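Student: Provide a 3D model corresponding to the input given below.
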Amino acid sequence: MPKRRTAALISVLLFSSCATLLAAEPKPRARDLGVPFDGKPGPLNAITDVKGVEVGHTTLISGEGALKVGTGPVRTGVTAVLPRGKNIQDQVFAGWFTLNGNGEMTGTTWVEESGFLEGPVMITNTHSVGVVRDAVIAWRVKHGPPDEDSYWWSLPVVAETWDGYLNDVNGFHVKPEHVFHALDSAHSGPVEEGNVGGGTGMVCNEFKGGIGTASRVLNTKQGGYTVGVLVQTNFGGVLTINGAPVGRELGQYYLKEQLDPPQRGQRDTRATDRADGSIIIIVATDAPLDSRNLDRLAARAMLGLARTGSPSTNGSGDYVIAFSTAAGNRIRSSGTIQQAATLGNEMMSPLFLAVVEATEEAIYNSLFRATTVTGIDGHRSEALPIQRTVEILKRNGALQGK
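Tutor: All right, here's what the predicted structure looks like:
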């Protein structure tokens, strides 16, 4: 490897390590500030509360000032979610859903056709989908044997949102080694949130967005199950938190033009004009679900998105993939009759509610944990102003005990 490339990789790895260390003193999450949520979270309130799931990030930040395509500034990265950790040969039942398809999530036609997810789920920026996809195949070849018929065969799931407001998106700064690092460094336990990994350059509701996560634990007659969600937020709308019109009161849609807010009861068409954007939602559960009910579970995640104020406009790319890690759902061998115990339709409602709640909270966490970023040409994405947001929530009776 050339010295220059080696130095660049070392720089990236050092930054990723620093980001992990800084996570020891993170900004508060939504519930830390008293935002009430229904349902019971898991111990970490993260997708990694689903046993076996691992998450890894590579965060790329370099340069400042005017955009020079190919040089920067760079504000991007890649995030990896591994359903069964490094055990990449062990498939999981999966399903997917899209509310508005102005975006990309590769590999979903085979997920829909087969009902299974093979390997990790990756998230990055729009123009890095190809390199991430190819790198995942190379990583899988390196880390596992071919299938039972001696074929090397892989259709990775890679999803994207656009970070071109802050990042040199046409500079193609995500490289195969960055994908390898995100996969190799994936871990259980706490998940880094905010502007890390694929979320580094993302903007949500005109504030700094990025990675967020949350979970719910259910105790049903059928047993105790966990639902975990991880999001990459880059969508627009009028931010609503627990019913409070946070976005409207912060004036996020008319600050730049110095326009007066709309009168009460008057539709603010400017909000819709600026609501384009995207979100990727990854749903994990240990409930024994088949692909059909995972499709249904994935669709309900969009109700959590709607709670936060997104109208899912024509320019939105709103994608969900859901998978089950239930031990009884493992693929054993081809050419044999396979049986898997799965929950029936009448048992799905508690899981539907759990994914709505976890998605909503994960989105808020992506905003509350993010920090202000300045990117190309001095473009600046401000972090959600925590103090002002809390004041708005208090004024609207939207905080616990307030």
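
Student: Counting neighbours, which bits of stretch 312-326 end up buried?
Tutor: Burial within stretch 312-326, assessed by neighbour count using 16 or more other CB atoms under 10 Å, is assigned to 312-313, 316-326. For the C-beta atoms, the positions are set from N, CA and C on the backbone; glycine is no exception.

Student: can you give me the helices in the protein?
Tutor: Here the chain has its helices, by DSSP state H, at 3-22, 108-114, 129-143, 176-184, 246-250, 269-273, 291-307, 349-369, 386-395.

Student: so what secondary structure elements neighbour the third one?
Tutor: Read that as helix 129-143. strand 121-125, strand 157-161, helix 176-184 (3 or more CB pairs under 8 Å, 6 or more residues apart in numbering; DSSP states H and E).

Student: Residue 138: which of those is closest?
Tutor: helix 176-184 (6.5 Å; CB to CB).

Student: how about the CA coordinates for that closest one, as CSV?
Tutor: Output in CSV follows, covering the C-alpha atoms of helix 176-184 (Å, rounded to 0.1, in the frame of the first residue of the first chain):
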residue,chain,number,x,y,z
PRO,A,176,-12.9,-0.2,0.5
GLU,A,177,-10.6,0.1,3.6
HIS,A,178,-13.2,2.3,5.3
VAL,A,179,-15.9,-0.3,4.7
PHE,A,180,-13.6,-3.0,6.1
HIS,A,181,-12.9,-0.9,9.1
ALA,A,182,-16.6,-0.3,9.8
LEU,A,183,-17.3,-4.1,9.5
ASP,A,184,-14.2,-5.2,11.5
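
Student: So which of the buried residues of stretch 312-326 is the closest to residue 135?
Tutor: Top of the list for closeness to residue 135, among those and by CB to CB, is residue 321 at 18.8 Å.

Student: what's the pLDDT at the residue lying closest to the closest one once chain neighbours are set aside?
Tutor: Ranked by CB to CB, 6 or more residues apart in numbering and with sequence neighbours excluded, the top spatial neighbour of residue 321 is residue 96, at 4.5 Å. pLDDT recorded at residue 96 is 98.

Student: So residue 96 versus residue 110, what's the distance?
Tutor: Using CB to CB, to the nearest Å, we find residue 96 at a distance of 10 Å from residue 110.

Student: out of those two, which sits in the more crowded spot?
Tutor: Set side by side, residue 96 and residue 110 show more neighbours around residue 96, with 25 against 15, by other CB atoms under 10 Å.

Student: and the closest residue in space to residue 204 that isn't next to it in sequence, what is it in contact with?
Tutor: Distances taken as CB to CB, 6+ apart put residue 233 closest to residue 204, at 4.0 Å, once the chain neighbours are dropped. When contacts are counted by CB atoms under 8 Å, 6 or more residues apart in numbering, residue 233 is found next to 161, 199, 202, 204, 209, 210, 212, 279, 363, 366, 367.

Student: wait, isn't the fifth one in contact with residue 365?
Tutor: No - with contacts defined as CB atoms under 8 Å, residue 209 does not count as touching residue 365, sitting 10.6 Å away.

Student: Nearest residue to the residue nearest the centre of the chain in space, ignoring adjacent ones along the chain?
Tutor: Central residue of the chain (CA atoms, centre = their mean): residue 231, 2.2 Å from the mean position. Counting by CB to CB, 6+ apart, residue 362 is the residue found nearest to residue 231 once chain neighbours are left out, at 4.6 Å.

Student: was I right about that neighbour contacting residue 213?
Tutor: Yes - under the criterion of CB under 8 Å, residue 362 makes contact with residue 213 at 5.1 Å.

Student: So if I had to pick from the two, which one is more boxed in?
Tutor: residue 362 (35 against 28).

Student: Pull the contacting residues for the more buried one.
Tutor: 212, 213, 214, 229, 230, 231, 281, 304.

Student: Would you check how far apart it and residue 110 are?
Tutor: With CB to CB as the criterion, residue 362 and residue 110 are 26 Å apart.

Student: likewise residue 64?
Tutor: Distance from residue 64 to residue 110, by CB to CB: 41 Å.

Student: How about residue 66?
Tutor: Remark: distance between residue 66 and residue 110 (CB to CB) = 42 Å.

Student: give me the beta-bridge partners of the residue nearest to residue 204?
Tutor: Beta-bridge partners for residue 233, by DSSP bridges, are residue 279.

Student: hang on, residue 210 packs against residue 231?
Tutor: No - between residue 210 and residue 231 there is no contact under CB under 8 Å: 9.0 Å.

Student: Please enumerate the shared neighbours of those two.
Tutor: residue 366.

Student: quick one: low-confidence parts of the stretch 51-200 of the chain?
Tutor: 146-151 (pLDDT under 70).

Student: what's residue 100 in contact with, if anything?
Tutor: 312, 313, 314, 316, 317, 318.

Student: Which one of the residues you listed is nearest to residue 127?
Tutor: residue 317 (13.6 Å).

Student: tell me the contacts of that closest one?
Tutor: Counted by CB under 8 Å, 6+ apart, residue 317 has contacts 98, 100, 101, 102, 103, 104, 160, 161, 277, 278, 279.

Student: could you dump those residues to CSV with distance to residue 82?
Tutor: What follows is the contacts of residue 317, written out as CSV (distance: CB to CB, whole Å):
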residue, distance to residue 82
98, 23
100, 28
101, 26
102, 27
103, 22
104, 20
160, 19
161, 20
277, 27
278, 23
279, 21
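
Student: Go through those residues and give me the one with the most neighbours.
Tutor: When neighbours are counted by other CB under 10 Å, residue 279 leads those with 31 neighbours.

Student: So it versus residue 55, what's the distance?
Tutor: Distance, residue 279 to residue 55, by CB to CB: 17 Å.

Student: shared neighbours of residue 362 and residue 213, anything?
Tutor: Overlap of the contact sets of residue 362 and residue 213 (by CB under 8 Å, 6+ apart) consists of 229, 230, 231.

Student: What is the burial count for residue 112?
Tutor: For residue 112, using other CB under 10 Å, the count is 13.

Student: Surely it and residue 96 touch.
Tutor: Yes - between residue 112 and residue 96 there is a contact under CB under 8 Å: 6.7 Å.
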